[in-house]
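Visitor: My questions concern the predicted model and sequence given below.
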Amino acid sequence: MTTFFETIAHINSKEGSASKLITGTATYKTQSKKFIDFTYRLFPETAPEECENFNVGEVVFLASKFCYDLATEKSAAGIVVTISKVLLYPKIVEKWKQVNFPQTRPLITFSAVCES
């Protein structure tokens, strides 16, 4: 099954090293102003050039494959994304906070094979 997830998100946490695995949590804000947390992971050694460096507190555009994992943190939506592209969102304010980062409607696609 192929999956794809892209959204504008606020980076809440970031752990790991630039040579191995980077993991953390991020949040996107829906059009109805609900905040959805999800887990991300990035493999720096295999990341394409489109992956810009990002830090906690920044807002980024993420494009990635994803899976749904019920074993993730209770606060997260169960979505775990494996990042393939990160672009920094232009800084409009001095410091991003939940009240001032942009609303978004994530694009989520997947395909499945159904057998009868």
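Guide: Good, I have the coordinates. Residues are numbered from 1 along each chain as shown.
Visitor: residues touching residue 56, list them.
Guide: 11-14, 24 (C-beta atoms under 8 Å, 6 or more residues apart in numbering). Glycine gets a C-beta too; all of them are placed from N, C-alpha and C.
Visitor: what's the closest of those to residue 101?
Guide: residue 11 (10.3 Å; C-beta to C-beta).
Visitor: Now residue 58. Nearest residue, chain neighbours left out?
Guide: Distances taken as C-beta to C-beta, 6 or more residues apart in numbering place residue 11 nearest to residue 58, at 5.4 Å, with adjacent residues excluded.
Visitor: wait, isn't that neighbour in contact with residue 57?
Guide: Yes: with contact defined as C-beta atoms under 8 Å, residue 11 reaches residue 57; the gap is 6.6 Å.
Visitor: which of these two has more neighbours?
Guide: residue 11 (20 against 12; other C-beta atoms under 10 Å).
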